[in-house]
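**Student:** Sequence first, then the predicted structure:
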Amino acid sequence: MLARIRGFLMLGLLGMALVLAACAPPGSNTGGGSGGGGGGEEAQQRVEDSGGGQGPVCDVQPPNIDGLGQATVGFSQSEEETNPFRIAETQSIRDEAENVGVEELIVTNAASQISKQNSDIQDMLAQGAEVLIVAPLNADGLEPAFQAAADENVPVFLIDREVTAEPCESYITFMGSNFVRQGQQAADLLAEATNEEAQVAILEGTPGASVTADRQSGFVDQLEADYPDMEVVASQTANFVRTEGQTVMEQLLQSNPDLNAVYAHNDEMALGAIQAIRDAGMTPGDDVKIVSIDGTEGAVQALAQGEMNGVVESNPRFGPLAFQTIDQFLNGEPIPQNIIIEDRIYTPQNAEENLDSAY
Ligand code: GZL
């Protein structure tokens, strides 16, 4: 009798384990890979919704490749690797390509030029790329490259920024953050730091990038909805670049003497702004409150030291999720059109203890 009960219990536990494994979202256990900066497993990306992504699935036949070990994969990076986000992203793709043992990985960098990103992708196709991972520079302008890939039946997997092109025709899926939500979260952090009363300057990312538009609308709409005493007094691009963040901030401080808060679309521009605020004889994080997005070591460190007031993470460690998704696609599994990742929030209270998840 006892043996029978034990048998049932074992079966029950096995069943539960299988159900849990089947329900696990892609990317929730993406295995291995240092992911390019930032401490261990807990720093890896997590897919947000337990259904494993959102949106319809493309009815596209995978190319006839016998698994990732036989595949030549091309990765098109959009911006130069001077920003820790770009360094960590490219490294994560390289690390995971090695981990899964792809036959060959070709990496290109478009140096912020859409024409170069088009020709990079076409060059990789000419070199025999059979699968493409693309971090698009802009929402528009990559149609020639997507068309060239489609002509050769090469599937395109987007990471990090969205495009306006047709899903299923131009690409299989988009993997990345919810940028509108990041903007909303940045607004909440800045509201908390300023007691909901602020004259805010915004340092915007590159015009034409989906992430810039979304981080802007998320933030501005949140102020309008919830924080009537927070006013945006200036909003200008600094192209996601630290030195430009510094110059733009210098000008904004001169023309807006009452400015007491900054929202930067990325950490690099925030770090430039900190320098400009110091140079103007003010204390960053105190006289002028600062919130930004990314989660680089420099920014999380500044937050821990009181020179910033909040950071919303944008996790660039796409390698494990990208290769797992490609593997599933090659195996004929359904891939949703959007795979959205979860980002953490760094606050003055938790920055120190979470420093090792920064990149
Ligand atoms: C986000 C990414 C943004 C980063 C920046 O996915 O596109 O672009 O926030 C980067 O640091 O330049």
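**Tutor:** In hand now; what should we look at? Everything numeric here is computed off the predicted structure, so don't read it as measured data.
**Student:** residue boundaries of the strands in this protein?
**Tutor:** Per DSSP state E, the chain carries strands over the ranges 46-47, 54-57, 72-77, 104-109, 131-134, 156-159, 173-176, 198-204, 230-237, 261-264, 289-294, 310-313, 336-342, 345-346.
**Student:** Model confidence score at the closest residue to V200 other than its chain neighbours, please.
**Tutor:** Excluding its sequence neighbours, the residue lying closest to V200 (Cβ to Cβ, 6 or more residues apart in numbering) is A261, at 4.5 Å. Yep, even glycine has a C-beta here, placed from its N, CA and C like the rest. As predicted, A261 sits at a pLDDT of 98.
**Student:** Show the contacting residues for A261.
**Tutor:** For A261, the contact set (Cβ atoms under 8 Å, 6 or more residues apart in numbering) comprises 190, 193-194, 198-201, 230, 288-291.
**Student:** For I274, see how far away it is.
**Tutor:** A261 sits 13 Å away from I274, going by Cβ to Cβ, to the nearest Å.
**Student:** Tell me how far P63 lies from S112.
**Tutor:** In terms of Cβ to Cβ, P63 sits 30 Å off from S112.
**Student:** Can you give me the neighbour number for T173?
**Tutor:** T173 has 26 neighbouring residues, counting by other Cβ atoms under 10 Å.
**Student:** List the beta-bridge partners for it.
**Tutor:** Here T173 sits in beta bridges with F157, going by DSSP bridges.
**Student:** What separation is there between it and the ligand?
**Tutor:** Remark: distance between T173 and the ligand (Cβ to the nearest ligand atom, to the nearest Å) = 15 Å.
**Student:** Enumerate the residues of the stretch 201-350 of the chain near the ligand.
**Tutor:** 211, 240, 266, 268, 293-294, 314 (Cβ under 6 Å from any ligand atom).
**Student:** what's the distance between the closest residue to the ligand within the stretch 1-150 of the chain and N331?
**Tutor:** The ligand sits closest to F85 of the stretch 1-150 of the chain, with a gap of 3.7 Å, by Cβ to the nearest ligand atom. Separation of F85 from N331 (Cβ to Cβ) stands at 30 Å.
**Student:** more crowded one of these two?
**Tutor:** Set side by side, F85 and N331 show more neighbours around F85, with 25 against 10, by other Cβ under 10 Å.
**Student:** dump the residue contacts of Q122.
**Tutor:** Going by Cβ under 8 Å, 6+ apart, the list of residues near Q122 reads 144-145, 148.
**Student:** what do you get for R215?
**Tutor:** 179-180, 182-183, 186, 205, 265, 293 are the contacts of R215 under Cβ under 8 Å, 6+ apart.
**Student:** Now it: closest residue in space, sequence neighbours ignored.
**Tutor:** Closest to R215 by Cβ to Cβ, 6+ apart is G183, at 4.3 Å.
**Student:** So for the one you found, what pLDDT did the model give?
**Tutor:** G183 is given a pLDDT of 98.
**Student:** That one reaches S217, doesn't it?
**Tutor:** Yes. Using Cβ atoms under 8 Å, G183 and S217 qualify as a contacting pair, with a distance of 6.6 Å.
**Student:** Give me the more crowded residue out of the two.
**Tutor:** Just comparing G183 and S217: by other Cβ under 10 Å the higher neighbour count belongs to G183, 27 against 14.
**Student:** Could you pull up the residues touching that one?
**Tutor:** 214-222, 293.
**Student:** Inside helices: which ones of these?
**Tutor:** Among the contacts of G183, DSSP state H puts 214-222 in helices.
**Student:** Most widely separated two among the contacts of R215?
**Tutor:** Spatial extent of those (Cβ to Cβ) is set by the pair V180 and G205 at 13.7 Å.
**Student:** any low-confidence regions in the chain?
**Tutor:** 1-39, 49-53 (pLDDT under 70).
**Student:** run the last query once more with 50
**Tutor:** 1-36, 51 (pLDDT under 50).
**Student:** re the thing from before, where neighbours are concerned, which of the ones in helices among the contacts of G183 has the most?
**Tutor:** R215 (30 neighbours).
**Student:** so how far is T194 from that one?
**Tutor:** Taking Cβ to Cβ, one finds R215 at 19 Å from T194.
**Student:** do A225 as well
**Tutor:** Distance from A225 to T194, by Cβ to Cβ: 16 Å.
**Student:** Looking at those two, which is more packed in?
**Tutor:** The neighbour comparison of A225 against T194 (other Cβ under 10 Å) goes to T194, with 20 against 10.
**Student:** ok, that one - contacts?
**Tutor:** Going by Cβ under 8 Å, 6+ apart, T194 touches 230, 260-261, 289.
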